[in-house]
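Q: missing the sequence, but the structure's below:
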């Protein structure tokens, strides 16, 4: 995110995500859960861009969340920065995993992000956070991340100006068996 | 090797800066000095207001249809219950009319005025779409420009819903009375005892504390706001009915559970009471050290 290209694209992506969140996702609540696209974006941002970019991109997602949600200002910034950073670390560990594995990891990290949010709420003694149905929220959001991962990954790659990894013939053959 | 260590240091520095920024913002918000932050939030919500309204308009029929499919049995049961309640209500209209006349006469005798009825109010549409799973507020399509201010009571046709928590130019957020942070002074109508009600969390009943052990409280009794001086609520707003009473010998008080009169899950339209309490003038105590009083020989001798 050194040049202005990724910065402008990321800002555009965040504005788009906020509009989709506010205009559509907040009205459609499967199992009574509001699917937060910014958590998924922070996870995928970390997985695609690595820990450094993930932290910055997660911070952007957190700031956007803080501007629209009436939890203490800075809480989402803190949580999603850490989520982006940790997602970068996990992505480095799993290396060149396949598409389905990446989606599954993104889903698990999204659920972890919700858990981290609940922990922050507990530390800040926010009853409306700790009393929320955390498990249900984590499961539904993780499922949404699993389904939306291919699209989100493509959009985040575009925003961060990261080319998709080209699978070489030898690598492709070895993966195919 | 040195380059790798430098990269790692830069990463840690970036993470540290972001975390410190987040903690600084949290501290500012917690100290209540986040005026700029609140203004920024209000501005963003005002900008996004039309998007929310449009989204509500577009998805409303889909949601209603989905609810119709998923909870058809519930709707049928609700319908039957409502028909029964309507019949009961019709039967009691005459009795209520008589009681209302008696009440008006008593109020006139006492020289009191019906404050709740006299309070001006505006009707607002509820945007039924929480933006997060971690907040229990509702959003209204009326704001500062319509006369809405922080702390104003909000009620539906059935009873109190909550109080205005945040106001921007065209929007406002309401803290529901089931929110664990919600509290208000209340009165149990029959006994006249005052207590403090607090929210028990989403889909849970409210809890009234500080009701003395000697007070007889019966399930089914009506609970209204007490309207103490400085309270954000006027006296007499219907809150709900008592569902359970448990004596707590340790605290020396009863724990009274109250079911809200308003159905908080199906709010479409509400009324904001344009009520601003008469806050008593603060008493200024002069703590500057004055001249030492002359020692009283008589009193010191005794």
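A: That came through, no problem. Treat the numbers as computed from the prediction; the structure is a model and nothing was measured.
Q: Report the mean confidence score over stretch B:21-33.
A: For stretch B:21-33, mean pLDDT rounds to 85.
Q: Please point out which parts of it sit buried.
A: For stretch B:21-33, a neighbour-count test (16 or more other C-beta atoms under 10 Å in any protein chain shown) marks B:21-22, B:25-26, B:28-29 as buried. All C-beta spots, glycine's among them, are computed from the backbone N, C-alpha and C.
Q: nearest spatial neighbour of the residue of the stretch 1-150 of chain B found nearest chain A, skipping sequence neighbours?
A: Among the residues of the stretch 1-150 of chain B, residue B:25 lies closest to chain A, at 3.1 Å counting by C-beta to the nearest C-beta. Spatially, and ignoring its direct neighbours in sequence, residue B:25 is nearest to residue A:74 (3.1 Å; C-beta to C-beta, 6 or more residues apart in numbering or on different chains).
Q: any idea how far the one you found lies from residue B:211?
A: As judged by C-beta to C-beta, to the nearest Å, residue A:74 and residue B:211 stand 39 Å apart.
Q: quick one: residue B:139 and residue B:171 touch, right?
A: Yes. With contact defined as C-beta atoms under 8 Å, residue B:139 and residue B:171 form a contacting pair (6.1 Å).
Q: so where do the helices sit in the chain?
A: Went with chain A since none was named. Counting by DSSP state H, chain A has these helices, from start to end: A:4-20, A:37-68, A:75-94, A:99-123, A:127-130, A:134-159, A:169-176.
Q: looking at chain B here, not the other one
A: Ranges of helices within chain B are B:2-30, B:35-70, B:72-110, B:115-118, B:297-301, based on DSSP H.
Q: for the ones you listed, which one sits closest to residue A:50?
A: helix B:2-30 (8.8 Å; C-beta to C-beta).
Q: Tell me the confidence at residue B:146?
A: Turning to residue B:146, the model gives it a pLDDT of 92.
Q: Give me the below-cutoff pLDDT ranges for chain A.
A: Applying pLDDT under 70 to chain A flags residues A:1-4, A:164-177.
Q: try 50 this time
A: A:1-2, A:167, A:169-177 (pLDDT under 50).
Q: The stretch 101-250 of chain B now?
A: Within the stretch 101-250 of chain B, the segments meeting pLDDT under 50 span B:111-113.
Q: Spell out which parts of it neighbour chain A.
A: B:129-137, B:165-166, B:173, B:179-181, B:201-202 (C-beta under 8 Å from any C-beta of the partner chain).
Q: Enumerate every residue touching the nearest residue to residue A:23 once chain neighbours are set aside.
A: Leaving aside its chain neighbours, residue A:23 sits nearest to residue B:55 (3.7 Å; criterion: C-beta to C-beta, 6+ apart). Residues counted as contacts of residue B:55 (C-beta atoms under 8 Å, 6 or more residues apart in numbering or on different chains) are A:22-24, A:26-27, B:129.
Q: What of residue A:78?
A: The contact partners of residue A:78, by C-beta under 8 Å, 6+ apart, come to A:62, A:120, B:19, B:22-23, B:26.
Q: roughly how far apart are it and residue A:60?
A: 13 Å.
Q: which ones are touching the residue in the stretch 101-250 of chain B that chain A sits nearest to?
A: The minimum distance from the stretch 101-250 of chain B to chain A, using C-beta to the nearest C-beta, falls at residue B:180 (3.4 Å). Shown in contact with residue B:180 (C-beta under 8 Å, 6+ apart): A:127-128, A:131, B:198-201.
Q: Backbone torsions only: list them for it.
A: phi -60, psi -20 (degrees, to the nearest 10).
Q: Identify the residues contacting the nearest residue to it once chain neighbours are set aside.
A: Nearest non-adjacent residue to residue B:180, counting by C-beta to C-beta, 6+ apart: residue A:127, 3.4 Å away. For residue A:127, the contact set (C-beta under 8 Å, 6+ apart) comprises B:180-181, B:201.
Q: Kindly recompute the last result at 10 Å.
A: Residue A:127 makes contact with A:121, B:136, B:179-181, B:199-201, according to C-beta atoms under 10 Å, 6 or more residues apart in numbering or on different chains.
Q: Using the record, which stretches count as separate domains in chain B?
A: B:16-61, B:113-279 (automatic domain parsing).
Q: and the longest one, how far out from the chain's middle?
A: Which is domain B:113-279. Centroid displacement of domain B:113-279 relative to its chain, using C-alpha atoms, centre = their mean, to the nearest Å, is 5 Å.
Q: again with the first one
A: Distance of domain B:16-61 from the chain centroid (C-alpha atoms, centre = their mean) equals 20 Å.
Q: can you point me to the longest strand in chain B?
A: Counting residues, the longest strand found in chain B (DSSP state E) is strand B:238-248.
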